[in-house]
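Student: The following comprises the amino acid sequence and a computationally predicted model.
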Amino acid sequence: MKLALDPYMLRTVPLTELPRVVAELGYQHIELSPREDFLPFFLHSRADRATIAQFKRALAGAEVSVSSVLPLYKWSGPDEDERQAAVRYWKRAIEVTVELGCTVMNSELNGRPEAAAASEAQFWRSMEELLPVFEREGVELRLEPHPDDFVEDGRAAVDLIRGIDHDAVSFLYCAPHTFHMGGDLAGIMRYAGPLLTHLHIADSFDHRGSSGLRYIVNPPGSPARVHQHLDVGQGEVDWELFFGTLAEVGFDGIATVCVFAWEERAHESSVSNRERVQRYLAKFGAA
């Protein structure tokens with residue numbers, strides 16, 4: 001298992017200094033999430049050859065690798081112009097990933113839940129264009145259902161990925177999305193089986209608690225989705241069950257600490273979460 005850090009809380013650290021900082025926090029792997037100066041949210045890459053080369057030298061110097069690259073694009077959105085743009089952005093992101101010596105990318109399903117069928121149709125159009133590129137470049141793709149995607153339920157997302165039926169495409173279980181995915185943490189992991197290759201580790205509260213009144217959003221009936229990316233132990237994810245089930249299914253993929261809630265203590269949070277995860281892994285006999 002690779003234990004990686006999503007350095008989003010450290011995004012103001014210059015890119016060429018990031019590997020050193022990550023190494024000082026005790027991590028050997030980075031999940032490179034969107035940065036405005038490299039792969040921005042929903043826009044084309046800003047990475048040129050010189051920047052990529054400098055970043056690679058910094059990674060080598062710190063003995064840190066990029067375990068996965070996480071781009072976010074509107075590849076399942078109902079607007080066809082946006083979808084075509086997203087496919088172009090994806091193709092460049094794949095090139096950047098390969099140049100970094102990385103063979104894994106992960107992302108969200110995107111799209112709109114109120115237009116699920118139309119969004120799925122757009123998703124398949126994008127996959128038809130992108131799967132040959134992933135295959136040609138030797139890059140794997142791990143997909144996660146996200147709150148407010150066209151698929152939010154965990155089992156439904158596994159079914160969709162099974163329908164892709166491609167060895168390079170698998171399932172990412174995002175722990176802070178547990179309650180939006182249906183709440184059956186162990187059941188979804190077992191249902192995914194060998195398709196479970198990637199984890200996001202952070203805590204969250206169950207928004208369904210108190211008869212759905214735990215979080216009061218105005219105006220009443222708002223479709224807003226609420227979840228957190230808290231330190232492990234600060235929410236209601238059952239971590240004993242989480243790590244016990246990972247041991248049961250023999251998980252041996254990438255596990256990324258992706259806490260976003262504490263930018264004012266990003267270093268402390270990153271270290272304490274690494275230590276908590278390592279204790280759980282030791283307890284349940286994981287690598």
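Tutor: Ah, there it is.
Student: ok, which stretches of the protein are strands?
Tutor: Ranges of strands within the chain are 2-5, 29-32, 65-69, 104-108, 140-144, 169-174, 196-201, 254-257, based on DSSP state E.
Student: Now find how far off-centre the fourth one is within its chain.
Tutor: Think strand 104-108. The chain centre lies 6 Å from the centre of strand 104-108; the measure is Cα atoms, centre = their mean, to the nearest Å.
Student: so what does that strand touch, helix or strand wise?
Tutor: If contacts are counted by 3 or more Cβ pairs under 8 Å, 6 or more residues apart in numbering; DSSP states H and E, strand 104-108 sits against strand 65-69, helix 80-99, strand 140-144. For glycine as for every other residue, the C-beta is placed from the backbone atoms N, C-alpha and C.
Student: re earlier: right, so of the strands of the chain, which gets closest to Pro40?
Tutor: strand 29-32 (12.3 Å; Cβ to Cβ).
Student: Show residues contacting that closest one.
Tutor: Residues from elsewhere that reach strand 29-32, judged by Cβ atoms under 8 Å, 6 or more residues apart in numbering: 2-7, 18-19, 22, 38-39, 59, 64-70, 100, 102, 106, 254, 256, 258.
Student: closest one to His200 among the helices and strands packed on strand 104-108?
Tutor: Each of the helices and strands packed on strand 104-108 has some distance to His200 by Cβ to Cβ; the shortest is strand 140-144, at 7.0 Å.
Student: now the angle from the closest one to strand 169-174?
Tutor: Counting by axes from the mean of the first three to the mean of the last three Cα atoms, to 10 degrees, strand 140-144 lies at 40 degrees to strand 169-174.
Student: Sheet partners, orientation included, of strand 140-144?
Tutor: strand 104-108 (parallel), strand 169-174 (parallel) (DSSP bridges).
Student: Among the ones you listed, show me which one is buried the most.
Tutor: strand 169-174 (a mean of 25; mean count of other Cβ atoms under 10 Å).
Student: surely Glu120 meets Pro78?
Tutor: No: counting by Cβ atoms under 8 Å, Glu120 stays clear of Pro78, with 10.7 Å between them.
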